[in-house]
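Asker: structural data only, the sequence is not supplied:
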């Protein structure tokens, strides 16, 4: 439900985007797989349809070039407590030093896992955070592969005990909510969302994602690949 029900502003408004859909600094490092080629084009087409449909202006839509699935979420510079920071890295380390720590741990590391990662598109979801594609591994072998990758990356950087590690939900973020959807648009928006979901899953039932890219980012609009890890 994305109609304002007295809960205040959307959770990422003025955190990752402002009310004019301008990106706000939210920096860190991560391991992702960018969508490319036909996969990127198909998802970008759905983004455009949603953006131009009812309620589309309530979202900050991410650039096509930034579309990706996170394989392992490393560190957000401003999230340093509750198991989200490696014990070997000082809690007051500079952002630069945090990035150097992550890059140093991963550069030259070999996982021994062969790609690609095959993920099925389970649904096109919209909620108070924004719009995203929920992904599921394409069978038990793929589930084991992607979880093994996450475990290896977590151990390598010292984040194996981070809360939620084992239950992480794979996804592709399309947009962040910056305004509540007016009540009179709710049904029209939902019909449009369902049509977009059906169109996308017919055209692109599965994604093949490889290789893992170690990236730095300043906000949610650009993920700069430093190197790949295989």
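Answerer: Yep, it's here. This one's a predicted model, so the numbers in the text were calculated from it and none came from an experiment.

Asker: just give me the neighbour total for the closest residue to residue 59 other than its chain neighbours.
Answerer: Of all residues not flanking residue 59 in the chain, residue 175 sits nearest, at 3.9 Å (CB to CB, 6 or more residues apart in numbering). No exception for glycine: its C-beta is placed from N, CA and C like everyone else's. Residues lying near residue 175 (other CB atoms under 10 Å) number 22.

Asker: pLDDT wise, what is residue 175 at?
Answerer: Per-residue pLDDT puts residue 175 at 98.

Asker: secondary structure class for it?
Answerer: strand (DSSP: H, G, I helix; E, B strand; the rest coil).

Asker: next one: it from residue 196, what distance?
Answerer: Distance, residue 175 to residue 196, using CB to CB, to the nearest Å: 12 Å.

Asker: mutual contacts of those two, please.
Answerer: The contact sets of residue 175 and residue 196 overlap at residue 50 (CB atoms under 8 Å, 6 or more residues apart in numbering).

Asker: okay, now the unreliable bits of the protein?
Answerer: 1, 3-7 (pLDDT under 70).

Asker: now do the helices in it.
Answerer: 37-51, 95-106, 140-157, 186-203 (DSSP state H).

Asker: put together JSON lines for those helices, with distance to residue 219 on each row.
Answerer: Conversion of these to JSON lines gives the following (distance: least, CB to CB, whole Å):
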{"stretch": "helix 37-51", "distance to residue 219": "18"}
{"stretch": "helix 95-106", "distance to residue 219": "13"}
{"stretch": "helix 140-157", "distance to residue 219": "22"}
{"stretch": "helix 186-203", "distance to residue 219": "25"}
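
Asker: what lies in contact with stretch 87-105?
Answerer: 27-29, 74-75, 77, 80, 85-86, 156-158, 214, 216, 226-227.

Asker: sitting in strands, which of these do you find?
Answerer: 28, 29, 74, 75, 214, 216, 226, 227 (DSSP state E).

Asker: wait, what's in contact with the fourth one?
Answerer: Taking CB under 8 Å, 6+ apart, we find residue 75 in contact with 28, 29, 84, 85, 86, 98, 102, 157, 159.

Asker: the residue lying closest to residue 117 once chain neighbours are set aside: neighbouring residues, count only.
Answerer: Distances taken as CB to CB, 6+ apart put residue 209 closest to residue 117, at 4.6 Å, once the chain neighbours are dropped. By other CB under 10 Å, 24 other residues sit near residue 209.

Asker: was I right about residue 165 contacting residue 159?
Answerer: Yes: Residue 165 is in contact with residue 159 according to CB atoms under 8 Å; the separation is 7.5 Å.

Asker: these two: which has the busier surroundings?
Answerer: Of the pair residue 165 and residue 159, residue 159 is the one with more neighbours under other CB under 10 Å, namely 21 against 16.

Asker: how near is that one to residue 76?
Answerer: 12 Å.

Asker: where do the contact lists of these two overlap?
Answerer: By CB under 8 Å, 6+ apart, the residues touching both residue 159 and residue 76 are residue 84.

Asker: the nearest residue to residue 165 once chain neighbours are set aside: how many residues sit nearby?
Answerer: Closest residue to residue 165 apart from its sequence neighbours, by CB to CB, 6+ apart: residue 154 at 6.0 Å. As a burial measure, residue 154 scores 19 neighbours (other CB under 10 Å).
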